[in-house]
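>>> 3D, please:
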Amino acid sequence: MKNKIDNKVLMTGIIVVGILAAIFLAGKYYGGSTQNTITANGISSVKVLPDLVSIYVGIDTKGTTSSEANNKNSEIYSKVKSDLMNLGFDEKEIQTQGFNIYPTYDYASGSGKITGYQASHSLRIQVSSDNVEMIGKVVDAGANAGAGISSINFELSIEKQNEIKAQAIKLAAEDAKTKAEALADGVGKKLGSLVSVSSSDFNYNPWIFYSANSGSSSGAKEAAMQITPSEQEVTASVSAVFKIR
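Now for the predicted structure:
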């Protein structure tokens, strides 16, 4: 009987000790480490020279039937494609970005009657940013075939994006650490170990050099002749949490 009582007392003691230990550890964690931290946001800006120029070509045709609109579109596309391949482009380098055939309506009478069909085909052709002469030839090929130039953009290749992204994020992380050290020093503390870090933003957008909204095909040719690649800024930001002691 006594042994049973002793065992119960022992088990109760173990449970109590376990509970107290858990409370102690939880208090240490929630009351210590998370409260004694500093959060710093780092930012960076990297200047980069775009390595690609993308020429966006738009082919828009109309017809009384969808087939007629499509056939007219195909004729222009074939001409653009043939001329570009004569310039040395591979077929896979003439990239279709979108194709659509849709009806056009007359809403003036209030009935919304179908008046015909329109076919739209958008293409992207990429050229090295240092090959300005080829950019002009691509613009000519599109315009001479009856296509329009939607836009001419400075862009970064995937390889260049990855290179600059790594560089920008690294610099942003270093900036976050520098700010955290200054914050800790300002409140009379020392910067401890890293608790967490995350990249909250990497900003890169193609830079529009020419847009059809602000010019014609002749304007695109003039723009192509004036292209001079210049450095652009790519930004990144990082958030880091450090312990302080």
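>>> this structure: strands as residue ranges?
Taking DSSP state E, the strands of the chain run over residues 37-48, 52-63, 94-106, 113-128, 148-155, 191-203, 207-211, 232-244.
>>> now tabulate those strands in TSV and tack on mean neighbour count.
Any C-beta I mention is one placed from the backbone N, CA and C, and that applies to glycine too. Listed next are the strands of the chain as TSV, based on neighbours: other CB atoms under 10 Å:
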stretch	mean neighbour count
strand 37-48	17
strand 52-63	20
strand 94-106	13
strand 113-128	17
strand 148-155	20
strand 191-203	13
strand 207-211	17
strand 232-244	19
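>>> among these, which is nearest L183?
Judged by CB to CB, the one of the strands of the chain that comes nearest to L183 is strand 37-48, at 5.0 Å.
>>> would you put the C-alpha positions of that closest one in PDB?
Output in PDB follows, covering the C-alpha atoms of strand 37-48 (Å, rounded to 0.1, in the frame of the first residue of the first chain):
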ATOM      1  CA  THR A  37      15.000  41.500 -31.000                       C
ATOM      2  CA  ILE A  38      15.500  44.200 -33.600                       C
ATOM      3  CA  THR A  39      13.900  44.300 -37.000                       C
ATOM      4  CA  ALA A  40      15.600  46.200 -39.800                       C
ATOM      5  CA  ASN A  41      14.700  46.700 -43.400                       C
ATOM      6  CA  GLY A  42      17.500  46.900 -46.000                       C
ATOM      7  CA  ILE A  43      17.200  48.300 -49.500                       C
ATOM      8  CA  SER A  44      19.500  48.400 -52.500                       C
ATOM      9  CA  SER A  45      19.700  49.900 -55.900                       C
ATOM     10  CA  VAL A  46      21.800  48.300 -58.600                       C
ATOM     11  CA  LYS A  47      22.500  50.000 -62.000                       C
ATOM     12  CA  VAL A  48      22.500  47.600 -64.900                       C
END
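>>> for that strand, which helices and strands make contact with it?
For strand 37-48, the elements it packs on are helix 158-186, strand 191-203, strand 232-244, judged by 3 or more CB pairs under 8 Å, 6 or more residues apart in numbering; DSSP states H and E.
>>> I'd like those laid out as CSV, including distance to Q97 and mean pLDDT.
What follows is these, written out as CSV (distance: least, CB to CB, whole Å; pLDDT from 0 to 100):
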stretch, distance to Q97, mean pLDDT
helix 158-186, 17, 94
strand 191-203, 23, 88
strand 232-244, 22, 93
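>>> out of those, nearest to T39?
strand 232-244 (5.0 Å).
>>> okay, the helices and strands packed on strand 37-48 in a markdown table with distance to I59 next?
Below are the helices and strands packed on strand 37-48 laid out as a markdown table (distance: least, CB to CB, whole Å):
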| stretch | distance to I59 |
| --- | --- |
| helix 158-186 | 27 |
| strand 191-203 | 32 |
| strand 232-244 | 30 |
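>>> for E68, which of those is the nearest?
Judged by CB to CB, the one of the helices and strands packed on strand 37-48 that comes nearest to E68 is helix 158-186, at 39.3 Å.
>>> list the buried residues in that closest one.
Of all the residues in helix 158-186, those buried under the rule 16 or more other CB atoms under 10 Å are 160-161, 164-165, 168-169, 171-173, 175-177, 179-180, 183-184.
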